[in-house]
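Novice: need a 3D model of the following:
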Amino acid sequence: MPSSFQEMWAELLPVGRHAGSGGYRRFAWTGADAECRAWFREQAAARGLTCETDRNGNQWAWLGDPAAGDAVVTGSHLDSVPDGGAFDGPLGVVSAFAALDGLAARGARPSRPIAVVNFGDEEGARFGLACAGSRLTAGVLTPERAAGLRDADGISLPEAMERAGHDPGAIGPDDERLARVGVFVELHVEQGRHLADTASPVGVASSIWPHGRWRFDFRGVADHAGTTRMEDRHDPMPAYAATVLAARARAAAAGARATFGKLSVEPNGVNAIPSLVRAWLDARAAGQDVLDRLVGEIEGEAREHAARDGVRVELTRESFTPVVDFAPALRDELAGLLAARRPYEVPVLPTGAGHDAGILAAKVPTAMLFVRNPTGVSHSPAEHAREDDCVAGVEALTDVLEELACR
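Specialist: Here you go, the predicted model:
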């Protein structure tokens, strides 16, 4: 008998959880990732679904004939950011299986194939590029660039896939698979406070802000911290620190987001002046022009401070996703459907967080449902959603699948 939502959640909860932080370390192609993938296969088998792993490492569990085409696909991802929360990603996968159970309980008879998907390496925690599985499938990430992605230990993405038992030789665009998909609906915990301040446990996404990641290399000269006079130093750390403060101020003034969240220092000695400070900027804004201006201003600040301190700065854009406007007709249909069946409003709202749904939106009609997050906190062990709100999300997704796949 298939597990209930609560049972599935309890089974998945310990996987990849770090005892010290309480957060999750479910990184792509690691042992924790393998456990998550095994859990996915078990859930598919318990429901009599056909489970397969595609050339890019994404898992699919099919109800009905995949070759029939025009499938309704739902799901999300199971990996995490370093010490992330339990809900970002897994809530969408668990809810997808629970929604299939809801359809069966209603006696609904799908006229289209339905699939649950677990996209690989959505967070990019190990190799630095978010949504790698969906990007490869959609042709946004080339096999050549994917082969060059490496983790902190120098292991390449293909090497990691091979060590985990997956053949990386065929990674790349998967137009044939995408041609099977008629629509993709991703349920996700809200990463923000739009719903927290309302009486609505569920909302519908309107768009995803444009966003990207930029690497700043501040290059100076290594020297002795105790013998080198302050005026003789070419220390890249002050320029980096000033850029962090400038990014915060510029983003606040623009109503945007700018975060330096990852840092690498060489030679990384307590008593050594650094020769290199490498820092990664995550920047997002409501519009492309605002984002371009923001990143340009931050770059300008970095170069000004670097010149003052006698160091060099190099800027590399490592990833970028333009604004995503979800299919208006599908978005409006789902918002109207859910609002008509509920005693509360179903808000339509944008998000600053990236998702696999945003990558696929250029290839297939795509929509997203959000489940209320009472604190708005995400990418943290404090990330949370109440059980009754999660159940409301499952019911909403069940309604959506019934409308799209059984009408």
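
Novice: and the gap between Asn118 and Asp289?
Specialist: Using C-beta to C-beta, to the nearest Å, Asn118 is found at 36 Å from Asp289. Every residue, glycine included, has its C-beta placed from N, CA and C.

Novice: tell me which of those two has more neighbours.
Specialist: The neighbour count for Asn118 versus Asp289, taken as other C-beta atoms under 10 Å, is higher for Asn118 (31 against 10).

Novice: once you drop chain neighbours, what's closest to the more buried one?
Specialist: Gln59 (4.2 Å; C-beta to C-beta, 6 or more residues apart in numbering).

Novice: the one you found and Arg37 touch, don't they?
Specialist: Yes - between Gln59 and Arg37 there is a contact under C-beta atoms under 8 Å: 6.2 Å.

Novice: need the residues touching each of those two.
Specialist: 53, 118 (C-beta atoms under 8 Å, 6 or more residues apart in numbering).

Novice: these two: which has the busier surroundings?
Specialist: Neighbours were counted for Gln59 and for Arg37 using other C-beta under 10 Å; Gln59 has more, 24 against 21.

Novice: can you pull up the bridge partners for that one?
Specialist: Per DSSP bridges, the residues bridged to Gln59 are Thr53, Asn118.

Novice: look up how far Ala353 lies from it.
Specialist: 22 Å.

Novice: check which residues of the helix ranked longest in the chain are buried.
Specialist: In the chain, with assignment by DSSP state H, the single longest helix is helix 288-309. Buried residues in helix 288-309, counting neighbours by 16 or more other C-beta atoms under 10 Å, are found at 290-291, 294-295, 297-299, 301-302, 305-306, 309.

Novice: same check, this time on stretch 162-179
Specialist: Using 16+ other C-beta under 10 Å as the test for burial, stretch 162-179 gives 164, 166, 168, 171-174, 177-178.

Novice: now go through those and say which are in helices.
Specialist: Among these, the subset assigned to helices under DSSP H consists of 177-178.

Novice: put together a markdown table for the buried residues of stretch 162-179, with pLDDT and distance to Ala241 on each row.
Specialist: Putting the buried residues of stretch 162-179 into a markdown table (pLDDT from 0 to 100; distance: C-beta to C-beta, whole Å) gives the following:
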| residue | pLDDT | distance to Ala241 |
| --- | --- | --- |
| Ala164 | 97 | 39 |
| His166 | 97 | 41 |
| Pro168 | 96 | 39 |
| Ile171 | 97 | 39 |
| Gly172 | 97 | 41 |
| Pro173 | 97 | 42 |
| Asp174 | 97 | 44 |
| Arg177 | 96 | 46 |
| Leu178 | 97 | 45 |
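
Novice: nearest to Thr243, of the buried residues of stretch 162-179?
Specialist: Thr243 lies nearest to Ile171 out of the buried residues of stretch 162-179, by C-beta to C-beta, at 35.3 Å.

Novice: the closest residue to Val117 other than its chain neighbours: how many residues sit nearby?
Specialist: Computed as C-beta to C-beta, 6+ apart, the closest residue to Val117 that is not its neighbour in sequence is Gly75, at 3.7 Å. Neighbours of Gly75 under the rule other C-beta under 10 Å: 28.

Novice: Pro267: neighbour count?
Specialist: So Pro267, with other C-beta under 10 Å, has 10 neighbours.

Novice: contact partners for the closest residue to it other than its chain neighbours?
Specialist: Leaving aside its sequence neighbours, Pro267 sits nearest to Ala222 (C-beta to C-beta, 6+ apart; 5.9 Å). By C-beta under 8 Å, 6+ apart, the contact set of Ala222 is 266-267, 272-275.

Novice: and what of Pro173?
Specialist: Contacts for Pro173 were tallied using C-beta under 8 Å, 6+ apart; they are 136-139.

Novice: okay, those in CSV with neighbour count, distance to Leu404 and pLDDT next?
Specialist: Listed next are these as CSV, based on neighbours: other C-beta atoms under 10 Å; distance: C-beta to C-beta, whole Å; pLDDT from 0 to 100:
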residue, neighbour count, distance to Leu404, pLDDT
Leu136, 29, 26, 98
Thr137, 29, 21, 98
Ala138, 21, 21, 97
Gly139, 15, 25, 97
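
Novice: where are the low-confidence patches of the chain?
Specialist: Residue ranges of the chain with pLDDT under 70: 1.

Novice: show me the domain layout of it.
Specialist: 5-209+323-405, 211-319 (automatic domain parsing).

Novice: pick the most deeply packed of the ones you listed.
Specialist: domain 5-209+323-405 (a mean of 20; mean count of other C-beta atoms under 10 Å).

Novice: any idea how far apart the tips of that domain sit?
Specialist: End-to-end distance for domain 5-209+323-405, by C-alpha to C-alpha, to the nearest Å: 21 Å.

Novice: check stretch 144-153 too.
Specialist: 20 Å.

Novice: now that stretch, how far from the centre of its chain.
Specialist: Per C-alpha atoms, centre = their mean, to the nearest Å, the displacement of stretch 144-153 from the mean C-alpha position of its chain is 18 Å.

Novice: any idea how far Ser378 is from the residue lying farthest from the centre of the chain?
Specialist: Relative to the centre of the chain, the most outlying C-alpha is that of Thr227, 45.8 Å out, by C-alpha atoms, centre = their mean. Distance, Thr227 to Ser378, by C-beta to C-beta: 46 Å.

Novice: how about the contacts made by the closest residue in space to Leu349 that isn't next to it in sequence?
Specialist: Among residues not flanking Leu349 along the chain, His194 sits closest, at 4.7 Å (C-beta to C-beta, 6+ apart). His194 makes contacts with 203, 347, 349, 370, as judged by C-beta under 8 Å, 6+ apart.

Novice: of those, which belong to strands?
Specialist: 203, 349, 370 (DSSP state E).

Novice: is it true that Glu162 lies in a helix?
Specialist: Yes - Glu162: assigned to a helix according to DSSP: H, G, I helix; E, B strand; the rest coil.

Novice: that one is in contact with Pro168, isn't it?
Specialist: Yes - using C-beta under 8 Å, Glu162 is in contact with Pro168, at 5.6 Å.

Novice: that older thread, SS state for the residue farthest from the centre of the chain?
Specialist: What three-state DSSP gives for Thr227 is coil.

Novice: ramachandran angles for Arg17?
Specialist: Main-chain dihedrals, Arg17, degrees, to the nearest 10: phi -80, psi 130.

Novice: all good on my end, thank you.
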